[in-house]
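Trainee: Quick one, what's the 3D model for this:
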Amino acid sequence: MTIIDAHQHVWDLSRAEYAWLTSDLAPIDRTITFDELRPQLVEAGVDGTVLVQSADNVEDTALMFETARLHPEVLGVVGYVPLDRPQEAAAALEALVGDPLFVGVRNLIHDIPDPDWLLRPEVDEGLGLLERADVPFDLVAVLPRHLELVPLLGERHPQLRIVIDHLAKPPIGATESEPWASLMRTAAENPNVLAKVSGLYSAVGESGSWSTGSVRPYVEHALEWFGADRLLYGGDWPISMLSGGYRRVWQGLAPIFDALDVAEREAVLGGTAIRFYGLDAGRLDAIRYSAGH
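Mentor: Next comes the predicted model:
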């Protein structure tokens, strides 16, 4: 089985602006490269990874592509195009689509004050560009309203493929799972909507106070609503350093993955990511050969 981590980041404070990265996030408020992650992937038995944008600027995306070209373990890049500026987005997509490392687009919608930003006419036009080019969209849903938009996006763009990052931040550690549960169940009704089993930290108290037991019910809900063939594992490094680090995340989720049957486990831990992102066959063959699969 080829294990793929479908959600990782790198950043370089000298190369791009990360407005959200402040001194309050001291452990990760610094340049972080793939070299720091690689030993942790090896320890966990992860063969490849997908880098996901960390800033709404082209410099961050350029850094990810540069990283991918230096490291064969990087199988794809989810980059940035300005969805609210359709002409620029069209030009950016035209330049990116031919690159086999380019696998998707994300904008940091959770940092935008307007929760209905995705419904703006100009953004709607940008999403239409993704739909027509069959480019997946990573959706950062942190508010209930963000999840409420998913069915609306499906109506407007029935062929747009969407993956909800971090299971839309379920209320881990809280006593009530609503409205998250109802909204995620509804979002899952669209077969073109997937979700990442990533970034699952405690929503109550310290973010690192999560446990396998506190996370398990939310993953089991996601398996029920989406099915394993629409779920992707992601380690969310280096954000995960704020909530225990890569080893703890991997070991905390492993008992949940181990309880799945073989086909489900292979889907969540790699197969879904390969299919959804259309990961490059040549790079996949290379890492499989290197790992002896």
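Trainee: Excluding residues flanking it in the chain, which one is nearest residue 126?
Mentor: Nearest residue to residue 126, sequence neighbours excluded (CB to CB, 6 or more residues apart in numbering): residue 83, at 3.2 Å. C-beta here means a position set from N, CA and C on the backbone, and glycine is covered the same way.
Trainee: My read is that the one you found contacts residue 106, right?
Mentor: No: with contact defined as CB atoms under 8 Å, residue 83 does not reach residue 106; the gap is 9.6 Å.
Trainee: Between the two, tell me which one has more neighbours.
Mentor: residue 83 (27 against 22; other CB atoms under 10 Å).
Trainee: Just the element for the more buried one, please.
Mentor: Using DSSP states H and E, residue 83 sits in no helix or strand.
Trainee: Now do the same contact list for the closest residue to residue 102 other than its chain neighbours.
Mentor: Spatial nearest neighbour of residue 102, chain neighbours left out: residue 96 (4.4 Å); criterion: CB to CB, 6+ apart. Shown in contact with residue 96 (CB atoms under 8 Å, 6 or more residues apart in numbering): 79, 81, 102.
Trainee: Keep only those of those residues that are in strands.
Mentor: Counted as lying in strands by DSSP state E, out of these, are 79, 102.
Trainee: for the contacts of residue 96, which one is nearest residue 128?
Mentor: residue 81 (12.7 Å; CB to CB).
Trainee: distance of the closest one from residue 284?
Mentor: 25 Å (CB to CB, to the nearest Å).
Trainee: Among these two, which residue is more densely surrounded?
Mentor: residue 81 (25 against 18).
Trainee: Give me the pLDDT for the more buried one.
Mentor: Residue 81 carries a pLDDT value of 98.
Trainee: Tell me which residues touch the nearest residue to residue 32 once chain neighbours are set aside, please.
Mentor: Counting by CB to CB, 6+ apart, residue 32 lies nearest to residue 238, which is 5.0 Å off, once chain neighbours are set aside. Counting by CB under 8 Å, 6+ apart, residue 238 touches 9, 28, 32, 36-37.
Trainee: Now render those residues as TSV, adding neighbour count and secondary structure.
Mentor: Shown next, in TSV, are the contacts of residue 238 (neighbours: other CB atoms under 10 Å; DSSP: H, G, I helix; E, B strand; the rest coil):
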residue	neighbour count	secondary structure
9	22	coil
28	17	helix
32	20	strand
36	14	helix
37	23	helix
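Trainee: ok, so of those, who is nearest residue 150?
Mentor: Using CB to CB, the contacts of residue 238 come closest to residue 150 at residue 9, 23.2 Å.
Trainee: Show the contacting residues for that closest one.
Mentor: Residues near residue 9 by CB under 8 Å, 6+ apart: 32, 51-54, 236-239.
Trainee: Take those and lay them out in CSV including secondary structure and distance to residue 154.
Mentor: Formatted as CSV, the contacts of residue 9 follow (DSSP: H, G, I helix; E, B strand; the rest coil; distance: CB to CB, whole Å):
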residue, secondary structure, distance to residue 154
32, strand, 35
51, strand, 27
52, strand, 22
53, coil, 23
54, coil, 27
236, coil, 25
237, strand, 30
238, coil, 32
239, helix, 28
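Trainee: between those, which has the most around it?
Mentor: Compared across those, residue 51 has the highest neighbour count, 28 neighbours, by other CB under 10 Å.
Trainee: Spit out the contact partners of that one.
Mentor: With contacts defined as CB under 8 Å, 6+ apart, residue 51 is in contact with 8-10, 64, 67-68, 74, 76-78.
Trainee: Tell me which of these fall in strands.
Mentor: Using DSSP E, those in strands are 8, 74, 76-78.
Trainee: any chance of those in CSV, plus neighbour count and pLDDT?
Mentor: Formatted as CSV, the ones in strands among the contacts of residue 51 follow (neighbours: other CB atoms under 10 Å; pLDDT from 0 to 100):
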residue, neighbour count, pLDDT
8, 28, 98
74, 23, 97
76, 28, 98
77, 25, 98
78, 25, 98
